[in-house]
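> Output the structure for:
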Amino acid sequence: MESIEKMRKSHLGVKASDETKRKMSLAAIGNKSHSGRKLTQNHKLNISNALNSKNKGYYFKTEKLCKCCNTLYVAKNLGSKYCSRKCLAKDRDWSGIDRSQNNETRKKISTSLKGKYTKEKSYQWIADRTKLKDDSRERGGQLHKEWSDSVKNRDNWKCRISDENCSGRMESHHILSWKDYPELRYDTNNGICLCKYHHPRKRKEEISLIPIFQQIINNLN
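Numbers count the residues shown, from 1 in each chain. As a prediction, this is how the structure comes out:
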């Protein structure tokens, strides 16, 4: 027994090479000492606890007494104290929290916080507003957004071709195309507010509607 213990200690921390692992695997072939042997439930639980305790106690299953209702429950981690969220809420100390606020008090709190963290008061506020403007076609572009809003506001957020077919959201349409007329990209008179249904979908349709849209805008001026 002593010699076996010495051999065991001498091999502690020593990693076997791939060749040694292969030899051990071949030597174990045909060894039926463990074949057909079933582990008991207690043995399985001990193995599970031994493996999971290495993972900081997560999924460590053990029986505990609930701190609130004193019932026995299966805890899934070492830091568990309560059998349920209900018991956790019951056992918390609410003495320092005033939960009896009426609607008048809530209204005062809401009024006092209104506008407190907006615009110049926000920590993300950029004083130089020109830094926000860019020449981007994407919907996130500041210049494009301002142009789109100005067109919709001028047309009162209503489709200029107002008939029974109108449907969908309001969209700002460039009468003369964005690509061919870059100098008119942010000209309000080069835009018209249309609904989703009347917004041209094809280039050919868009070109054919240019004189009609221009006439509508000229009538406004």
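
> Which stretches in the protein count as helices?
Using DSSP state H, the helices of the chain run over residues 2-10, 18-28, 41-52, 85-91, 103-113, 142-154, 203-208, 210-220.

> So for K119, which of the ones you listed sits nearest?
Taking CB to CB, helix 103-113 is the member of the helices of the chain nearest to K119, at 14.5 Å. C-betas here are computed from N, CA, C, even on glycine.

> before we move on, back to that, tell me which of the helices of the chain sits most buried.
Comparing those by mean neighbour count (mean count of other CB atoms under 10 Å), helix 142-154 comes out on top with a mean of 16.

> wait, which of the helices of the chain is closest to K67?
Closest among those, once you apply CB to CB, is helix 85-91, at 6.1 Å.

> Contacts made by the closest one with the rest, please.
Applying CB atoms under 8 Å, 6 or more residues apart in numbering, the contact partners of helix 85-91 are C66, K67, C68, C69, K81, Y82.

> I'd like the residues you listed written out as CSV, with distance to N219 added.
Shown next, in CSV, are the contacts of helix 85-91 (distance: CB to CB, whole Å):
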residue, distance to N219
C66, 77
K67, 77
C68, 75
C69, 77
K81, 75
Y82, 72
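
> Show me which of those residues is closest to C159.
Proximity of those to C159 (CB to CB) peaks at Y82, which lies at 59.1 Å.

> returning to that earlier point: right, so of the helices of the chain, which gets closest to Y123?
Comparing the helices of the chain by CB to CB, helix 103-113 comes nearest, at 15.5 Å.

> what distance separates the closest one from the centre of its chain?
30 Å (CA atoms, centre = their mean, to the nearest Å).
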